[in-house]
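>>> Give me a 3D structure for the following:
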Amino acid sequence: KEMVRLDRNSVVDLTLGDFLKRRAHNFPEKPAVIFPLRGLTLSFSELNAQAGQVAAGLLALGLQKGEHAAIWATNVPEYLAVEFGAARAGVPLVMVNANYKAFELEYALGQSDTVLLFMEDGSASPFEYVDILQQVRSRLPKLRQVVMLGETATDGMLTWREFLAGSVQVAPEALAAREALVGTGDIFSLQYTSGTTGAPKGAMVSHSAYLSNSLAMAERQGLQSGDITCTPLPFFHAYGCLVNFSALYFGGALAVVEKFIAPNFMKVMELSRATQVTGTPTMFVAAMEEMNRHWYDLSALRGGNGAGAVCSPELVRFMMEKMGARDFCILYGSTEVLGATFTSPIDPLGKRLGSVGKVLPGYEVKIINPKTGETVAADIQGELCIRGSSIMTGYYKMEEQTKKALDQEGWMHSGDLASMDGEGFV
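Here you go, the predicted model:
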């Protein structure tokens, strides 16, 4: 019997803009995003209103449906409003790595045909990003406008306040007409991945792909409207996006760590009374060391998830027993496939410690012999292949690379070695 595992199909037929509108209708005054170290909380209605301003602001600057905007920032309060606003305007958003240097920024903005850039002034130091952009802007002829996410801007740039003020030029009917043109299969984001070889590739992911996968993750993790998810993950990363949307899916809240520093991570968890925590193994190891130095009240913590690298059984036990996230889960994914497999809080402990779980709804997985392409039997190691409704549409302007990654039957060849047991655990 071929070892191919398929979970139920689960496609969310919503755009990101409509998703947030519905949450704002159902949970208007409920906190959506919390920045404990700033003393800032945005309700669902406030976040939705900001997203509407961003969408109208994009129309006021003349952006057409399908033109690309980009955001280059850490986890600042404006980030989610830009994401949802661009989604409402039908403007695919290029999420630029906050650590990019000049040549990387030039490549991403140039290759993606970005016409508008949202950016903060710097991550490591003031005006760091401004200085980098000035080095390359003359070689980006398609970049028409830059919006600074702050109160100050250099010549030729708009401040955040000035950008939002432009939204009043756009009639509500004009914005509604634009939103009506946006489809669930339209591209929501471009996120660059280096892969194993060659130039970075911009993976295009649709509205439906992100929302379908976010719902699957939220269900598997057992998230509820009362949950508060502490996230130190960078918003520009696919994993960070998924955590954000899955946390909000059932009306829960996000408690945001703007830039990862272990003490800040712990303070945000404590101050927000987080019930869920997410991160990478490196982040959790740093948290472990910080907990050895200082005591934090994490009594509200119930669960969470980890990915981004191998989570050792010892680290998972630490999260469950020492940090108190007894329902902690592990997932496997990538920029191209989003989250493909996920353990569950109700799985046997041995599986939660020693696997990346079963396939998520909307996906099927198989393990193949990389030399022959044939599907292997249970417990035999081979290449992990994934197919499903939340896989990327393709790499932007890279047809050959897309064909190499996605075969004619729609299987994404991960390049990762794995095995799958008789119960479907990978």
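>>> remind me which residues of this structure are low pLDDT?
1-10, 195-197 (pLDDT under 70).
>>> So in it, which helix runs the longest?
In the chain, with assignment by DSSP state H, the single longest helix is helix 44-60.
>>> buried residues in that helix?
Of all the residues in helix 44-60, those buried under the rule 16 or more other Cβ atoms under 10 Å are 44-48, 50-60. No exception for glycine: its C-beta is placed from N, CA and C like everyone else's.
>>> on contacts alone, who are the packing partners of the helix or strand that that helix is followed by?
With elements assigned by DSSP states H and E, the helix or strand that comes after helix 44-60 is strand 68-72. The contact analysis (3 or more Cβ pairs under 8 Å, 6 or more residues apart in numbering; DSSP states H and E) places strand 68-72 against helix 78-89, strand 93-96, helix 102-111, strand 114-119.
>>> quick one on the thing from earlier: pick the one among the buried residues of helix 44-60 closest to residue 88.
Of all the buried residues of helix 44-60, residue 88 sits closest to residue 55, with 3.9 Å by Cβ to Cβ.
>>> mind listing what the spatially most central residue of the chain touches?
Of all residues in the chain, the one closest to the mean position by Cα atoms, centre = their mean is residue 241, 1.6 Å from it. Residues near residue 241 by Cβ atoms under 8 Å, 6 or more residues apart in numbering: 83, 95, 189, 191, 210, 235.
>>> Could you do residue 128 as well?
Contacts of residue 128 by Cβ under 8 Å, 6+ apart are 121-122.
>>> Go again with 6 Å.
Shown in contact with residue 128 (Cβ atoms under 6 Å, 6 or more residues apart in numbering): residue 122.
>>> ok, now residue 146?
117, 157.
>>> Am I right that it is in a helix?
No: applying DSSP: H, G, I helix; E, B strand; the rest coil, one finds residue 146 to be strand, outside a helix.
>>> what sits opposite it in the beta ladder?
residue 117 (DSSP bridges).
>>> Now do it against residue 108, distance only.
For residue 146, the distance to residue 108 equals 15 Å [Cβ to Cβ, to the nearest Å].
>>> How many residues are close by residue 394?
20 (other Cβ atoms under 10 Å).
>>> Would you list the phi and psi of it?
phi 160, psi -180 (degrees, to the nearest 10).
>>> Confirm for me that it is in contact with residue 404.
No: with contact defined as Cβ atoms under 6 Å, residue 394 and residue 404 do not form a contacting pair (11.1 Å).
>>> quick one on the thing from earlier: which one of the helices and strands packed on strand 68-72 lies nearest to residue 204?
Nearest to residue 204 among these is strand 93-96 (10.1 Å), distances taken as Cβ to Cβ.
>>> mind listing what that closest one pairs with, with the direction of each?
Checking strand 93-96 against DSSP bridges gives partners strand 68-72 (parallel), strand 187-193 (parallel).
>>> Hey, what's the angle from the last one to strand 114-119? Just curious.
Translated: strand 187-193. If you take axes from the mean of the first three to the mean of the last three Cα atoms, to 10 degrees, strand 187-193 sits at 70 degrees to strand 114-119.
>>> in the stretch 151-300 of the chain, which spans are helices?
Along the stretch 151-300 of the chain, the segments classed as helices by DSSP state H, counting those that start in this stretch run 160-165, 172-180, 207-221, 238-249, 262-272, 281-293.
>>> These into a markdown table, with extra columns for distance to residue 140?
Below are these laid out as a markdown table (distance: least, Cβ to Cβ, whole Å):
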| stretch | distance to residue 140 |
| --- | --- |
| helix 160-165 | 19 |
| helix 172-180 | 25 |
| helix 207-221 | 27 |
| helix 238-249 | 24 |
| helix 262-272 | 34 |
| helix 281-293 | 33 |
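>>> Let me see the contact set for the spatially closest residue to residue 170 that is not a sequence neighbour.
Among residues not flanking residue 170 along the chain, residue 56 sits closest, at 4.1 Å (Cβ to Cβ, 6 or more residues apart in numbering). Applying Cβ under 6 Å, 6+ apart, we find residue 56 in contact with 167, 170, 175.
>>> Would you confirm that the first one contacts residue 57?
Yes: taking Cβ under 6 Å as the contact criterion, residue 167 and residue 57 are neighbours in contact, 4.4 Å apart.
>>> Ignoring the adjacent residues along the chain, who's closest to residue 264?
Distance criterion Cβ to Cβ, 6+ apart; nearest residue to residue 264, sequence neighbours excluded, is residue 257 at 5.7 Å.
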